[in-house]
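Engineer: build me a model:
(2 chains)
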Amino acid sequence: MLRYFLKRLVSLGLSLVVASGVIFLALEVVPGDPAAYMLGINAQEDTLAALREELGLNGSVWARYAGWVGGLLTGDFGVSYTYRTPVAEMIGERLWISLPLALYALTLSTAIAFPAGIWAASKRGSAVDVSVMGVTQLGVAIPNFWFAMLMVLVFAINLRWFSAGGFPGWDTGFFVAMKSLTLPAVALALPQASILARVMRSSLLDTLSEDFIRTARAKGLSQRQALWRHALRNALIPVLTIIGLQFSFLLAGAIIIENVFFLPGLGRLVFQSISARDLIVVESVVMLLVFAVIVVNFAVDMAYAVVDPRLRGRR
Amino acid sequence: MSLLVIDRLSLEIHGAPILKGVSLSVSAGQVVGVIGESGSGKSMTAFAAMQLLPYGSVCSGRIDLGGREVLALSEANLCKMRGRDVGMVFQEPMTALNPIKTIGEQVAETILIHEDVTRAEAMERAAEALRRAELPQDRFPLSRYPHELSGGQRQRVVIAMAIALRPKLLIADEPTTALDVTTQAQILKLLRRLVDEEGMGLLLISHDLAVVADMADEIVIMRKGEVVESGPADWLLRNMQHPYSKALLAASTHQPDRSAEEQHDVLLDVREVVRDYTIHRKGWWGGMETFRAVKGVSFQLRKGESLGLVGESGCGKSTLTRAILGLEEIQGGEIRAFGVPVGRDFPNALRSGIQVVFQDPYSSFNPRWKVARLVAEPFHLMSQRPDDWRDRVAKVLQDVGLEPEAMDRYIHEFSGGQRQRIAIARALILRPEIVILDEAVSALDVSIRAQILDLLAKLQGEYGLSYLFISHDLSVVRSITDRVMVMKSGEIVEQGETAAVFDAPQHEYTKQLIAAAPVLPADVTGGERHDRPEPVV
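Structural biologist: Okay, the predicted model is just below:
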């Protein structure tokens, strides 16, 4: 188990090094002069020179890379060119919305998908199964921004249970803040839950047709007991994979939902800084997202090993 | 007093009749062997006794288990019955255990589900059940996971689960079919011992007449969902009446008529061949550790001869085959075919002289191709496909006993035996000199197997073929080869004339193999009728 852990840890480190190299190359080295790109074609020569100086573009590639990575490691992400505030601070603020939102949506999605998937699989072919499959089909098909607007109409404008958007800040209290994240979280969770429920169902059905389920039944376990004691944990591996992918997506991919609800999250930050050609911010946010994806993958790998003893012994 | 009485049992699955009026009974301390080919309904009879049938099954008739009417029991009562009154052992030990639970947990579960005991007590009794299945605690602690055990050991765990509560009846569905012959002998011995010592009744399902003849007190022969004949084993084996029973017996002991003449040209020369696999690094920075699958094997295959290669799973016979086909790099020695070293530069013209037939007739064809294209596939070894290719395909299909019209059909339209004929046609289309038969008849029912063996013998004469016949089945190898090699742990431990090796084995391992293989008693033939003894009630 320790060996498996260390090996995954080494691969995590290597992935981060490679990813940082690729991001750095793509944004700073390959397309030519980042300063000219950021300022546009009508920029004055002296402004360009000043920006180059500020960005440290006059140094060698290696020195710039080392400076950037060194900064990342010490929490100094540079200063945003458009906002003139430290990038670390900007990301920090946004992360405090995006991360809870992603976790909230993921919790909801899992809380809906697990029971639905298990229920549908345990009653294969029944009315329950057919309705779960039908509803999840809809859930996958409906665009989440449309569903979001529908919810705003119903719950914010007509029923007035929730506010239509915006984020009051965490200092207004946990429940107030969470309440303002509820509609966006539901909107994000709906398609994810639909996908996850379908994966859960089909994975569980595959497992239920395995020989060891028949063995369990021959011992005297009922269908239900065999499902809970033998099938469920075996069916989790594909489900964990999907959860890992979904978390990464939720963290960065909520741009549209953030826009619908006027939430100042990471997605909007990326969007704004790309429009403003603020490469310093883009670079740091992308690196942060890559970091999140790699860490989540590492966590999923560890979860595999907890679920499946065959992986623990693997070198 | 009978433990299990099945009386005129019929079964339909989604309206399709599977069993038609099956009757049999099992008493305490008795082994009842049910034999039949695939589709005979023998496994379904076993599953019906447990009421573990597929969705859509409808049973009629009577199943009496220890005085209770099984077909009338509610699902809850069936759950109480399964595992406590009847235990069941399955065919495939590699998949019959939950991979993520320890063997201790899985055996203890049988006890926990039926009795109100503490976990600790259940684990203690699980240890005892494993001991009865001959998996002692000092070598196989309860904390082992299934993937840490071999196939035979896993089958013992399944048996331990089945006998943990000392049920009166044990049902074993092909319990040794997936196992090597020496492991099979040990598992059968264990089952016999459990029957004798604990007075259990055993319903043993098998396709192998020799296994059943070895084990059973009573034999039931099934075909297409019906019992064709049954009776005390000793008597029935010597007094079969039904034509199907006789045919089954004849097929089991079938000797193909071989007339190929041996010549002296060496076609295939294998010298000191070594195949290493890299397993993993030693430590973080160390070199690669290797596993030697084939350890300096040498032999020659001459024109017109049949050479057998026998060995148990993992002995390296498949690796060696792949090396001969040029599919594996070798790390030492040399393989020459027709005088030219086999490897990257082996010319296509010669490559077409070596063809292969694999075990599984179901997965070795592209399902989207028609038979004509499947059989003609080896033509890609030639610079261009001959113009008369369809005629050649038609000819070879006829040679293997199929209609030429088969060309325009898809592979799913054929039975297992017909598919194996198509595989042979594919191997023969280029008129090779060497055909490698890699477990080519292992997946077939005995009657089909006998037909294919006859076909192979006939083709050997017609096409002047040399066979390298790889199999784990000693009786088949004995019936079709001139010489035989016995392989163990990557080495050939014994080789010689087939009859000599089988009659007077020299190496200890060969002796073990031959002793372990179940054989029908020498005097068993479908001969004249004697009086049937009265059944003891």
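
Engineer: which SS class is the most centrally placed residue in chain B?
Structural biologist: Nearest to the geometric centre of chain B sits B:Thr177, at 4.7 Å (CA atoms, centre = their mean). Under DSSP: H, G, I helix; E, B strand; the rest coil, B:Thr177 falls in the coil class.

Engineer: need the nearest residue in space to it, chain neighbours excluded.
Structural biologist: Once flanking residues are discounted, B:Thr177 sits nearest to B:Gln91: 5.4 Å by CB to CB, 6 or more residues apart in numbering or on different chains. Glycine gets a C-beta too; all of them are placed from N, C-alpha and C.

Engineer: and the gap between the residue lying closest to B:Val157 once chain neighbours are set aside and chain A?
Structural biologist: Leaving aside its sequence neighbours, B:Val157 sits nearest to B:Ile103 (CB to CB, 6+ apart; 4.8 Å). In this view, B:Ile103 and chain A are 12 Å apart by CB to the nearest CB, to the nearest Å.

Engineer: the closest residue to chain B within the stretch 151-300 of chain A: neighbour count?
Structural biologist: Residue nearest to chain B within the stretch 151-300 of chain A (CB to the nearest CB): A:Gly220, separated by 3.4 Å. When neighbours are counted by other CB atoms under 10 Å in any protein chain shown, A:Gly220 registers 22.

Engineer: neighbours around residue 141, how many?
Structural biologist: Let's take chain A. Neighbour count of A:Ala141, defined by other CB under 10 Å: 9.

Engineer: that was the other one, I meant chain B.
Structural biologist: Count around B:Pro141 with other CB under 10 Å applied: 14.

Engineer: grab the nearest non-local neighbour of it.
Structural biologist: Closest residue to B:Pro141 apart from its sequence neighbours, by CB to CB, 6+ apart: B:Gly104 at 7.6 Å.

Engineer: now do the SS call for the residue nearest to B:Thr177.
Structural biologist: Secondary structure state of B:Gln91, per three-state DSSP, is coil.

Engineer: how close does it sit to B:Arg132?
Structural biologist: According to CB to CB, to the nearest Å, B:Gln91 stands 21 Å off from B:Arg132.

Engineer: now B:Met81
Structural biologist: In terms of CB to CB, B:Met81 sits 21 Å off from B:Arg132.

Engineer: domain ranges for chain A?
Structural biologist: With automatic domain parsing as the criterion, the domains of chain A are listed as A:2-74, A:96-312.

Engineer: quick one: low-confidence ranges for the chain?
Structural biologist: Went with chain A since none was named. Residues of chain A meeting the criterion pLDDT under 70: A:29-34, A:41, A:56, A:313-315.

Engineer: you looked at the wrong chain, it should be chain B
Structural biologist: B:1, B:259-263, B:279-288, B:525-537.

Engineer: burial count for the residue of it found nearest chain A?
Structural biologist: Using CB to the nearest CB, the single residue of chain B nearest to chain A is B:Gly83, 3.4 Å away. Close neighbours of B:Gly83, defined as other CB under 10 Å, add up to 26.

Engineer: my read: it touches A:Arg217, true?
Structural biologist: No - with contacts counted by CB atoms under 8 Å, B:Gly83 stays clear of A:Arg217, the gap being 9.0 Å.

Engineer: could you identify the helix or strand that succeeds the helix or strand hosting B:Val476?
Structural biologist: Using DSSP states H and E, the element containing B:Val476 is helix B:474-480. Using DSSP H and E, the helix or strand that follows helix B:474-480 towards the C-terminus is strand B:483-488.

Engineer: how far does that next one sit from its chain's centre?
Structural biologist: 19 Å (CA atoms, centre = their mean, to the nearest Å).

Engineer: again, but for stretch A:198-213
Structural biologist: Relative to the centre of its chain, stretch A:198-213 is centred 27 Å away, using CA atoms, centre = their mean.

Engineer: tell me if it is near chain B.
Structural biologist: Yes - counting by CB under 8 Å from any CB of the partner chain, chain B is contacted by stretch A:198-213 at A:Glu210, A:Asp211, A:Phe212.

Engineer: in strands only, show me the residues you listed.
Structural biologist: When those are checked against strands (DSSP state E), there are no matches.

Engineer: which bits of chain A sit near chain B?
Structural biologist: Residues of chain A lying near chain B by CB under 8 Å from any CB: A:210-212, A:214-222, A:225, A:229-230, A:233-234, A:307-310, A:313, A:315.

Engineer: buried ones in stretch A:202-211?
Structural biologist: The neighbour-count check on stretch A:202-211 (16 or more other CB atoms under 10 Å in any protein chain shown) flags A:Ser203, A:Leu204, A:Leu205, A:Thr207, A:Leu208, A:Glu210, A:Asp211 as buried.

Engineer: which two among those residues are spaced furthest apart?
Structural biologist: Using CB to CB, these span at most 16.6 Å, a distance reached by A:Ser203 and A:Asp211.

Engineer: which residues in the stretch 351-500 of chain B form strands?
Structural biologist: Using DSSP state E, counting those that start in this stretch, the strands of the stretch 351-500 of chain B run over B:354-357, B:434-438, B:466-471, B:483-488, B:491-497.

Engineer: just these: most buried one?
Structural biologist: Greatest average neighbour count among those goes to strand B:466-471 (a mean of 25), per mean count of other CB atoms under 10 Å in any protein chain shown.

Engineer: specify the local secondary structure of A:Gly166.
Structural biologist: coil.

Engineer: measure how buried it is and give me the count.
Structural biologist: Each residue near A:Gly166 was counted by other CB under 10 Å, and the total is 11.

Engineer: and if you look at B:Glu105?
Structural biologist: Other residues near B:Glu105 come to 19 when the count uses other CB under 10 Å.

Engineer: residues contacting residue 185?
Structural biologist: With no chain named, the answer covers chain A. A:Ala185 makes contact with A:Leu101, A:Tyr104, A:Ala105, A:Leu108 under the criterion CB atoms under 8 Å, 6 or more residues apart in numbering or on different chains.

Engineer: my bad, chain B
Structural biologist: By CB under 8 Å, 6+ apart, the residues touching B:Ala185 are B:Ala515, B:Ala516, B:Ala517, B:Pro518.
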